[in-house]
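**Student:** fold the stuff below for me.
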Amino acid sequence: MEATNTRFVTLTTDWGNQDYYLGMLCGKLYSISPNLKVVELSHKVPTYNYMHAAFLIKHSFSHFPKGSIHICMVNSDTSDNMRMLFFEYQGHYFITPDNGTISLIADVLPEVVHAIPVDDTRSFGSMDSVILALEVLLSENGQTDFAIEASGIKRFTPILPIPENDAITGSVIYIDSYFNAITNITRDDFEAIRKSRKYSIYVHRFSHGISKLSNSYKDVEKGDLLALFNSLGLLEIAVREGFAAQMYNLSVGSNIMVRFYDDKILR
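**Tutor:** Here you go, the predicted structure:
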């Protein structure tokens, strides 16, 4: 792994802002180098929810300068594989627990991944492992006796939408702080199956249908259900000035179906 003079370090945790953990980590980071620029992506990830954390990092990291280091501290001391991974992906560097987060961030697993064991005899052993990994990434030769090349890395297969000739069934993969439900249906997938046909987007089977995509939330009246492709290019279900996930009982994993039809066919 090549050395880097990175100054940006992002943090994603489930710690909240009320405890001392954040102060400990930031203090250690600045003790390594006072020239680091620490950016706190979020400390409000739902407890132990590394899938939520991975979504945040996956869709944020590319907006930072190449060479930035992205630290994820979610489920870091309770995962089955007690070690922190560090790796390079698309010109950025990542430090994550070995709990599957790596496969949710990287579309293709990096060829080389290093690991530093977590001391499971301590209540917060991952903290020291993160600091050691960061020191490696900031060092001139990028080598240390503590790091080993990792094998047997835990990974997940991302859930993909199911395409058909006249439909596509997707899943909610993220609920944001406004309770908008973001799905895994991309604009490209939608248009490829649509082929200029009309459509209906169904929330919870066929009980609630949307027949027109919005460009923004203000395209509908207050309290109305809507669907749009968000800034990530993903289909999003929302309610203007409302809370779609709560109002329509949506959660991560809920199905969203799109049906396509010609003008002469009623469905």
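
**Student:** okay, CA-based contacts and neighbour counts for the rest of this
**Tutor:** Noted.

**Student:** what helices or strands is the one helix or strand Ser129 maps to leaning on?
**Tutor:** When secondary structure is defined by DSSP states H and E, Ser129 falls within helix 125-138. Of the remaining helices and strands, those touching helix 125-138 by 3 or more Cα pairs under 8 Å, 6 or more residues apart in numbering; DSSP states H and E are helix 21-32, strand 81-89, strand 92-98, strand 113-117.

**Student:** what lies in contact with the following helix or strand past the third one?
**Tutor:** Later in the chain than strand 92-98, the nearest helix or strand by DSSP H and E is helix 101-105. Counting by Cα atoms under 8 Å, 6 or more residues apart in numbering, the neighbours of helix 101-105 from elsewhere in the structure are 50-51, 54-55, 57-58, 96, 109, 155-158.

**Student:** hmm, try it at 10 Å
**Tutor:** Contact partners of helix 101-105, identified using Cα atoms under 10 Å, 6 or more residues apart in numbering, comprise 49-59, 61, 72, 74-75, 85-87, 89, 94-96, 108-110, 113, 153-158.

**Student:** right, so the helices and strands packed on helix 125-138: which one is the most enclosed?
**Tutor:** Sort the helices and strands packed on helix 125-138 by mean neighbour count, taking mean count of other Cα atoms under 10 Å, and strand 92-98 sits at the top with a mean of 25.

**Student:** chain center to that strand, what's the gap?
**Tutor:** 13 Å (Cα atoms, centre = their mean, to the nearest Å).

**Student:** which SS class is the residue most central in space within the chain?
**Tutor:** Taking Cα atoms, centre = their mean as the criterion, Phe55 is the residue nearest the geometric centre of the chain, at 0.8 Å. Using DSSP: H, G, I helix; E, B strand; the rest coil, the secondary structure recorded for Phe55 is helix.

**Student:** contacts only, for Glu221.
**Tutor:** Applying Cα under 10 Å, 6+ apart, the residues near Glu221 are 239-241.

**Student:** turn the helices and strands packed on helix 125-138 into JSON lines, including distance to Asp166.
**Tutor:** Listed next are these as JSON lines, based on distance: least, Cα to Cα, whole Å:
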{"stretch": "helix 21-32", "distance to Asp166": "50"}
{"stretch": "strand 81-89", "distance to Asp166": "37"}
{"stretch": "strand 92-98", "distance to Asp166": "40"}
{"stretch": "strand 113-117", "distance to Asp166": "42"}
